[in-house]
Every structure is written in structure tokens, then in C-alpha cells.
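Participant: here is my input, please return the structure:
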Amino acid sequence: MSVFTPVAAGMAVAAVLLLALGVHQLRRGRWLGSTATMLIGALVLACAGLAATLAVGTRGYQALTRETTAATVTVAPSGDRRFSARIRFPDGSERVFRLAGDELYVDAHVLKWKPVANLLGLHTDYELARIAGRYADVDSERTGERTVYELGTPKPVDLFTLRRRFPLLRPLVDAEYGSATFITVDRVARFDVRVSTSGLLIRSAEDPR
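Facilitator: Numbering: from 1, shown residues only. I've put the predicted structure just below:
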């Protein structure tokens, strides 16, 4: 559960109570007091809406505080410049892709929060975005078969879109960027796709580091 979920819930309850108090004061003829109370309630309600939006927007993203394994991929050549890639996610789910090219390519969205957001428990969030086959030479990349698949999960609110649409998030977000990594596929092998605060990298699954 996102740290923003209880915050949004608490603010929503407080806003409802303030608005109810404002209505009660209005009925008793306390115009000035009711106006101030209802304005504060409306402000708290707006903050609750922002927190709820952030809670929804961070769903699907994984918190990153150190280098961690985002997925394990087993690749196997299946023909001339063709290979299969079985990707296993940390939750145990798996997907298999048939790719064309000489190399395995994976990219991700990375969102880095500023220190003020770190105090709320947010550090660096990431989500794997795409997996594809990549050709070693530019000419083949231009003319060869393209195989690209989405890894990100559909969501009602996308955090990257939120960052661009809502100026209120600017003080919280330090940087947003895409990161990609690729490796040659010439044999059956298993790799860990790792993500750190500096971006993606691929290592052999047998690498003890």
C-alpha cells in the first residue's frame, strides 16, 4: 500500500468533518466562522485529492533504495537472428517473448524523489517499460524485423504523466528519466536485469556480485 493512501484517507476524513462543522456554523448564523472553516475544509479536501492521485500513480512502481533485481531473463537462440526470452518477475509471474535481432534490450522508467519526499518514505521508483530485440548493426536496425513488447502494467494514472501535468509535484520530484540496457544473445543463458539509482544493467545470473 502506498504511503499516500492513509494520508489521503486521513485528510478526506478531516475535510468532511471541517465541511460539516462549517455547515453547522452557517446554520447558527456564524457567517465569518463558517466561511473560514469551509475554506480550510476545501483546502484539506484538495490536498486529500492530490494524495489520492499520488497513491494511484505510484501503483505498479517498485521502490528502489539500492541495486535490486527487477527481473530474471532466460534467453535461447531459435534461428537466424531469432531468440526467445522468458522473463520472470519478482512476484513469480512469467512471460515469454519471441524476439528478432542479435541482442536483448530492456528499458525502464525511473523516478527519483527529492529529500522532502524521502521523509515520506519515497526514494526512487522504477517500472520496467519494454523488452525488445536489438540488432548489432545500424543497417539491420533500420530494415530488419522489429519486435518490441510492453512490460509496464496499465494504470488509471501514470506517475510520469502526473509529473508533467501537476506543477504541485515539482518540489517533490528530483528527476524522471528512461534507462535502457542490452546484451548479446549467442547462446542459452540466464541474466538478471538489475536496477540501481543510476539506471538499468544486465548481469549473468551466476555472477556472485
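
Participant: contact partners for Gly33?
Facilitator: Contact analysis of Gly33 by CB atoms under 8 Å, 6 or more residues apart in numbering lists Gln25. Any C-beta I mention is one placed from the backbone N, CA and C, and that applies to glycine too.

Participant: tell me the confidence at it?
Facilitator: We have a pLDDT of 75 for Gly33.

Participant: then the one 4 residues further on?
Facilitator: Listed pLDDT for Thr37 reads 83.

Participant: so where's the longest helix in the protein?
Facilitator: helix 31-57 (DSSP state H).

Participant: show me where this structure has its strands.
Facilitator: 62-64, 68-79, 82-88, 94-100, 103-113, 124-134, 148-150, 173-184, 189-196, 199-204 (DSSP state E).

Participant: in a markdown table: these, plus mean pLDDT, mean neighbour count and distance to Gly41.
Facilitator: Formatted as a markdown table, the strands of the chain follow (pLDDT from 0 to 100; neighbours: other CB atoms under 10 Å; distance: least, CB to CB, whole Å):
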| stretch | mean pLDDT | mean neighbour count | distance to Gly41 |
| --- | --- | --- | --- |
| strand 62-64 | 55 | 16 | 32 |
| strand 68-79 | 93 | 16 | 42 |
| strand 82-88 | 96 | 18 | 48 |
| strand 94-100 | 96 | 16 | 47 |
| strand 103-113 | 88 | 22 | 29 |
| strand 124-134 | 89 | 21 | 31 |
| strand 148-150 | 95 | 12 | 42 |
| strand 173-184 | 83 | 15 | 28 |
| strand 189-196 | 90 | 19 | 41 |
| strand 199-204 | 87 | 16 | 44 |
